[in-house]
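Engineer: How does the following fold in three dimensions:
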Amino acid sequence: MAPEPPDGLDRPGLEHPPSLREQVTQALRAALVTGELSPGVVYSAPLLAAEFGVSATPVREAMLDLVKEGLVETVRNKGFRILGITEQDLDDVTEVRALIEIPATVEVARRAGAEELEALRELAREVVDAARDGDLSEFAEADRRFHLGLLALTGNPRLVDTVGELRKRSRLFGLSALSERGLLLASAQEHEQLLELMLARDLEGTCRLLRSHLGHIRSAWAARSPEDCPPEDCPEQGPGR
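Structural biologist: Residues are numbered from 1 along each chain as shown. The predicted structure is shown next:
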C-alpha cells in the first residue's frame, strides 16, 4: 500500500504552512509508523512521487532528510531502502530516553503550574481518540506533540530537540504490535493518567507510569511491567527540593 499523499499547500489560518518537502517528509514518516513502507524494501523516488501526485524532487529531498536521521539509505541507481531497527537499537534508544525524560518529567510535575499541565489535556485526548479509531499515524503525531509539549515545560529547548531526534530513530515500532493485540488504547489512556499524577504532584507515580509507558515503544514491551521499576529509581513523594 502506498502512503497517503500529503495535504495541499493552501491552509487558511496558518502563517507558516509547511513546505511541500516537509509535507512529504511527514507523510513518509507516517508510512514508516503504520508499516506501509517496509524495512528492507527499496523504493523509487519517481514511483513514490507518482503516488503523492508531486514531482520526484521533493520526494528525493524528503528521503535525504530521512537518510540523515538514519531511517533510510540510498541505493545507487535504484532509490532508497528503508532501514530496519534491531532489538538492541530499541533497547539503547529506550534507555537514553528514560534517562532524559523520566527525571525531566518528574521535575515538571514538581514545578509546573496546574494551568500549564491542563493545557496538555486536549492533546492527551487526541492520543486516546486516535487509538480508539485505530489511526496509527495520528496517534504517533499526537503522542509526539504531547510528550514534547510536556518536556517544553522544562524551559530547555535542547532537551526537547534531543528527545525529538530519539523518537525519530525509534519510530514507535511497537505501535502496530500494540494495535494488533488490542493494547493501543490502554497505552493511549496512560497520557491522561500521567497528567492526573502530575497534577496531584505524585512524583513517584509519575516516574513509575512514565517508565512503563516508554517501554511500550518496543515490540517486546510486555517483558517489563510497572512493578519492575525499582523504588530507588523514582523520587519519594513530597514537597519540591
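Engineer: so who does L148 touch?
Structural biologist: L148 makes contacts with 160, 163-164, as judged by C-beta atoms under 8 Å, 6 or more residues apart in numbering. C-betas here are computed from N, CA, C, even on glycine.
Engineer: In the helix or strand hosting it, which residues are buried?
Structural biologist: Counting by DSSP states H and E, the element that carries L148 is helix 136-152. Of the residues in helix 136-152, 136-144, 146-148, 150-151 count as buried by neighbour count, 16 or more other C-beta atoms under 10 Å.
Engineer: same check, this time on stretch 200-216
Structural biologist: 201, 203-216.
Engineer: Specify the residue positioned farthest from the middle of this structure.
Structural biologist: N77 (32.0 Å; C-alpha atoms, centre = their mean).
Engineer: Got the phi and psi for that one?
Structural biologist: phi 60, psi 10 (degrees, to the nearest 10).
Engineer: quick one: the helices in the chain?
Structural biologist: 20-34, 45-52, 56-68, 87-111, 114-118, 121-133, 136-152, 157-170, 175-180, 184-199, 203-214 (DSSP state H).
Engineer: Mind putting the ones you listed into CSV with mean pLDDT?
Structural biologist: Shown next, in CSV, are the helices of the chain (pLDDT from 0 to 100):
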stretch, mean pLDDT
helix 20-34, 84
helix 45-52, 91
helix 56-68, 92
helix 87-111, 90
helix 114-118, 97
helix 121-133, 94
helix 136-152, 91
helix 157-170, 88
helix 175-180, 68
helix 184-199, 93
helix 203-214, 92
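Engineer: okay, those helices in a markdown table with distance to R81 next?
Structural biologist: Below are the helices of the chain laid out as a markdown table (distance: least, C-beta to C-beta, whole Å):
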| stretch | distance to R81 |
| --- | --- |
| helix 20-34 | 12 |
| helix 45-52 | 12 |
| helix 56-68 | 10 |
| helix 87-111 | 16 |
| helix 114-118 | 42 |
| helix 121-133 | 29 |
| helix 136-152 | 22 |
| helix 157-170 | 16 |
| helix 175-180 | 20 |
| helix 184-199 | 28 |
| helix 203-214 | 28 |
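Engineer: picking up where we left off before, just the buried residues of helix 136-152 now: which is nearest A114?
Structural biologist: When the buried residues of helix 136-152 are compared for distance to A114 (C-beta to C-beta), L150 comes out closest, at 14.0 Å.
Engineer: if I look at that closest one, how far off is L32?
Structural biologist: 23 Å (C-beta to C-beta, to the nearest Å).
Engineer: same question, V108
Structural biologist: Distance, V108 to L32, by C-beta to C-beta: 29 Å.
Engineer: Dump stretch 91-106 to PDB, keeping only the CA atoms.
Structural biologist: Taking Å, rounded to 0.1, in the frame of the first residue of the first chain, the C-alpha atoms of stretch 91-106 are listed here in PDB:
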ATOM      1  CA  ASP A  91      16.800  -1.000  24.000                       C
ATOM      2  CA  ASP A  92      19.500   1.600  23.600                       C
ATOM      3  CA  VAL A  93      17.100   4.400  22.500                       C
ATOM      4  CA  THR A  94      14.600   3.500  25.200                       C
ATOM      5  CA  GLU A  95      17.300   3.600  27.800                       C
ATOM      6  CA  VAL A  96      18.600   7.000  26.700                       C
ATOM      7  CA  ARG A  97      15.000   8.400  26.500                       C
ATOM      8  CA  ALA A  98      14.300   7.100  30.000                       C
ATOM      9  CA  LEU A  99      17.500   8.700  31.400                       C
ATOM     10  CA  ILE A 100      16.400  12.000  29.900                       C
ATOM     11  CA  GLU A 101      12.600  12.000  30.000                       C
ATOM     12  CA  ILE A 102      11.800  10.500  33.400                       C
ATOM     13  CA  PRO A 103      13.800  13.000  35.600                       C
ATOM     14  CA  ALA A 104      12.700  15.800  33.300                       C
ATOM     15  CA  THR A 105       9.000  14.900  33.600                       C
ATOM     16  CA  VAL A 106       9.300  14.400  37.300                       C
END
